[in-house]
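J.: sequence first, predicted model second:
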Amino acid sequence: MMRPVVLNSSGKVVHKFGDVSRETLERLQVYVDLVLKWQPAQNLIAPSTIPDVWTRHIADSLQTQWSYPEARTWVDIGSGGGFPGVVTAILLADDPAGHVHMIESNQRKAAFLRTALRETGSRGTVYPDRIESVAKEWGQGPVDGVSARALASLDLLFRLSEPFTKQGAKAVFHKGQDFQREVNEVSDTWAFDLVEKESLVDPTSRMLVFSDISARPV
């Protein structure tokens, strides 16, 4: 194992944390190259974040799996360009039990996700449909974790992920500086256990790890 050096597009070291293998870093580089290749046609990430893709997207997405390292099977909802779904799949690529189910209704982005999984040698399944439709017809059995990044409010995330969390999955959601307001807002309608982890990328943000999520009686 080696200590990862996370670089920006200019080759400047911007982060140095966690334990990531050389093989994983090589897979992440393949993924970044794919994102930048497909970006002009697919708009996978905000154009303003392209110079800092390693910090804003890769390093940030690594935290999902790091926040719940025991998880081997994941459902990533609203996967978009694969942050954090593809990054989680890359981290689990050498684990025979690792598998990430990615739900993305945009057909072109779904095609990119399949390409990213294939080119990085990572295990996953892409579902080109709405989250509600996939969840309703889910036949893959329980998963360990549900993830989402920059997708929706906590209340909506709880509702979208409920088919999986009611079977015991934990939920790992990225939230920005208003995270406490969102947590307070859902506390009246949802019961849950919460572990907050300070973001390694942005100290005002949090990785929120929810377990035992259930809707409160009306």
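T.: Good, I have the coordinates. Residues are numbered from 1 along each chain as shown.

J.: who touches the top helix by length along the chain?
T.: Identified as the longest helix of the chain according to DSSP state H is helix 22-42. Helix 22-42 is contacted by residues 2, 4, 20, 44-45, 47, 50, 53-54, 57-58, 81-82, 86-87, 90-91, 93-94, 108-109, 112, 115-116, 119-122 when judged by CB atoms under 8 Å, 6 or more residues apart in numbering. Every residue, glycine included, has its C-beta placed from N, CA and C.

J.: if you set the cut-off to 6 Å instead, what comes out?
T.: Outside helix 22-42, the residues that touch it by CB atoms under 6 Å, 6 or more residues apart in numbering are 2, 4, 44, 53, 58, 86, 90, 108, 112, 116, 119-120.

J.: cool, and stretch 105-118?
T.: 31, 34, 38, 42, 79, 82, 86, 102, 104, 124, 126, 128-130.

J.: what ranges do the helices span in the chain?
T.: So, for the chain - with DSSP H - the helices run 22-42, 53, 60-67, 85-91, 107-120, 131-136, 154-165, 179-186.

J.: out of these, nearest to V143?
T.: Across these, the minimum distance to V143, taken as CB to CB, is reached by helix 154-165, at 5.8 Å.

J.: which elements pack onto that closest one?
T.: Here helix 154-165 touches strand 145-148, strand 170-175, helix 179-186, going by 3 or more CB pairs under 6 Å, 6 or more residues apart in numbering; DSSP states H and E.

J.: deepest-packed of those, please.
T.: Comparing the helices and strands packed on helix 154-165 by mean neighbour count (mean count of other CB atoms under 10 Å), strand 145-148 ranks first with a mean of 28.

J.: which residues does the spatially most central residue of the chain contact?
T.: Among the residues of the chain, the one closest to the centroid is P84, at 2.6 Å (CA atoms, centre = their mean). Residues near P84 by CB under 6 Å, 6+ apart: 61, 64, 147, 149.
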